[in-house]
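Novice: I'll drop the sequence and a predicted model, then ask my questions.
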Amino acid sequence: MRKSKQQRRNKGEGSVTVMPNGKYKMTFTIGVGLDGKQKRKSVTGSSRQEVLDKAATLRHKFNIGEISTEMKQISFGEYKQKWLDNKSISIAMNTHISYKSILGYCKPLDIFIMSKISSDMITEHLKTLPVAKSTLRLIKTALGAIFREAVCDGTIIKSPMVGVMKIGKNKRKVDSQLPTEEQIKDLLRLIQVKEWPMQRDKMMYAFFLLAVTSGLRRGEMLGLKWSDIDKKNNKISVNRQVTNAGRNEPLKTKASYRTIHIPKKTIENLCALEDTSKSEYVFDCGNISCHSWLGYFTMSAKKLMRLLHFPEDCSLHSLRHYHATYLLSKGVSIKIVSKRLGHSSVVVTLDNYTHFIPSMDAEASKIFDDFGAY
């Protein structure tokens with residue numbers, strides 16, 4: 001009688017044999033060592049299924065990888081630091097600082113072994129954080145990058161981020177509580193009469209006037225150099241920004257590099273600072289750290305706005321929003337406004353600001369008042 005053909009083993013089952021004592025044994029490759037040689041493991045059991053189960057557990061433990069088992073016992077805190085150190089080589093310093101700050105919210109996870117962290121653990125942790133949705137999304141993005149890296153280098157088999165809760169997006173819409181034109185004028189008048197430390201009255205006025213009339217971001221204004229000002233044509237070029245990482249940092253996007261016209265009065269107030277300046281920067285911070293200098297203007301704006309009873313959520317950045325909405329309300333093209341703001345796309349400008357000009361809908365309907373078809 002012809003022997004029946006032996007059924008082919010499933011891929012990855014390895015070689016299962018019966019030993020003289022009647023037990024089953026399976027030997028399989030778990031990876032390749034640093035010396036280039038195959039690394040093999042064996043398991044034994046009283047039945048074929050027991051051997052297969054043990055083999056599956058062993059594969060999970062070793063992840064069939066080429067790295068040492070010590071690597072698989074690394075904690076999240078250790079791996080996070082390793083990831084940040086590696087990232088520091090390929091990203092801007094300010095981005096690295098942001099990553100470090102965002103991952104600071106994940107300290108409770110630091111003590112857990114990477115392979116032991118589950119999606120439920122991460123979800124529960126995110127739920128306890130008293131932060132805005134936008135910050136939660138940043139945390140989730142950073143965690144996703146870390147666990148993807150861990151999967152790639154064999155530290156874990158599967159990223160736990162797959163099952164983490166979804167975080168809804170807030171609509172990209174600027175808060176409608178912005179200062180009025182009269183409040184802006186009051187702000188500029190108050191700066192002119194208010195006493196400032198270290199003879200900064202002229203600098204403070206020029207800074208806030210530039211914010212209102214140009215729409216530049218805080219860091220972009222502080223990054224301006226005298227060489228960026230075209231006095232003859234009333235233009236300024238935005239080529240760098242000040243961040244916590246330094247004074248000569250790259251801008252957010254390619255579109256952020258721009259040259260725009262500003263009022264002659266603003267140019268004159270900026271140039272009035274040049275006679276006493278000892279720096280190549282328009283707004284010289286001297287020996288003060290970038291972090292302190294950025295904070296100085298931010299806190300000054302808050303203090304002034306409280307004195308003038310601005311809407312509660314107003315800040316220095318609100319002057320940029322005011323600039324955009326004021327231009328749109330005067331009929332300036334959305335494309336021009338987008339260019340002045342340095343947005344990467346006109347869609348960003350539309351999403352943020354069109355709700356500030358509801359009168360445009362009413363004006364659009366009036367076009368059909370003299371429509372002759374009805």
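Specialist: Noted; the coordinates are in hand. Given the structure is predicted, the values throughout are model-derived calculations rather than measurements.

Novice: Show the subsequent helix or strand relative to the helix or strand bottoming out on mean pLDDT in the chain.
Specialist: Taking mean pLDDT, DSSP states H and E as the measure, the helix or strand of the chain with the lowest value is helix 69-72, at a mean of 53. Sequence order places helix 76-90 as the next helix or strand after helix 69-72, per DSSP states H and E.

Novice: what's next to the very next helix or strand once past that following helix, contact-wise?
Specialist: Counting by DSSP H and E, the next helix or strand C-terminal to helix 76-90 is helix 93-103. Counting contacts by C-beta atoms under 8 Å, 6 or more residues apart in numbering, the residues outside helix 93-103 that touch it are 80, 84, 87-88, 91, 135, 138-139, 142-143, 146, 243-246, 249. All C-beta spots, glycine's among them, are computed from the backbone N, C-alpha and C.

Novice: which phi and psi does the most centrally placed residue in the chain have?
Specialist: Central residue of the chain (C-alpha atoms, centre = their mean): L138, 6.1 Å from the mean position. As for L138, its main-chain torsions (degrees, to the nearest 10) stand at phi -70, psi -40.

Novice: Can you check the pLDDT for Y326?
Specialist: For Y326, the pLDDT comes out at 92.

Novice: Next, the contact list for it, please.
Specialist: If you count contacts by C-beta under 8 Å, 6+ apart, Y326 has them with E181.

Novice: Now do S333: how many residues are near it, please.
Specialist: Applying other C-beta atoms under 10 Å, we find 11 other residues in the vicinity of S333.

Novice: actually L126, not the one I wrote
Specialist: Counted with other C-beta under 10 Å, L126 comes out at 19.

Novice: Repeat that for W226.
Specialist: For W226, the neighbour count with other C-beta under 10 Å is 15.

Novice: Would you agree it is in contact with E274?
Specialist: Yes. With contacts defined as C-beta atoms under 8 Å, W226 counts as touching E274 at a distance of 6.2 Å.

Novice: can you list residues touching both of those two?
Specialist: Residues touching both W226 and E274 (C-beta under 8 Å, 6+ apart): V282.

Novice: Strands of the stretch 101-250 of the chain, residue ranges please.
Specialist: For the stretch 101-250 of the chain, the strands defined by DSSP state E, counting those that start in this stretch cover 229-230, 235-238, 241-243, 246-249.

Novice: coming back round to it: and the contacts of helix 93-103, which two are furthest apart?
Specialist: With distance counted by C-beta to C-beta, no two of those lie farther apart than L143 and G246, which are 27.3 Å apart.

Novice: Any regions of the stretch 51-200 of the chain where pLDDT drops low?
Specialist: Flagging of the stretch 51-200 of the chain using pLDDT under 70 yields the residue ranges 58-72, 169-176, 196-200.

Novice: Going along the chain, name the helices of it.
Specialist: For the stretch 51-200 of the chain, the helices defined by DSSP state H, counting those that start in this stretch cover 69-72, 76-90, 93-103, 119-128, 133-152, 181-193.

Novice: Turn those helices into TSV, columns for distance to M165.
Specialist: Conversion of the helices of the stretch 51-200 of the chain to TSV gives the following (distance: least, C-beta to C-beta, whole Å):
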stretch	distance to M165
helix 69-72	27
helix 76-90	18
helix 93-103	17
helix 119-128	5
helix 133-152	9
helix 181-193	41
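
Novice: And A245, how far from S88?
Specialist: Counting by C-beta to C-beta, to the nearest Å, the gap between A245 and S88 amounts to 11 Å.

Novice: whoops, I mixed them up, M203
Specialist: Counting by C-beta to C-beta, the gap between M203 and S88 amounts to 34 Å.

Novice: try K185
Specialist: 46 Å.

Novice: For the stretch 251-374 of the chain, just list every one of the helices.
Specialist: With DSSP H, counting those that start in this stretch as the criterion, the stretch 251-374 of the chain has helices at 264-271, 290-307, 318-329, 334-341, 346-353, 359-366.

Novice: What are the buried residues along the second one?
Specialist: Same thing as helix 290-307. Of the residues in helix 290-307, those with enough neighbours to count as buried (16 or more other C-beta atoms under 10 Å) are 290, 293-294, 296-297, 300-301, 304-305.

Novice: what inclination does that helix have with respect to helix 318-329?
Specialist: Computed with axes from the mean of the first three to the mean of the last three C-alpha atoms, to 10 degrees, the direction of helix 290-307 lies at 60 degrees from that of helix 318-329.
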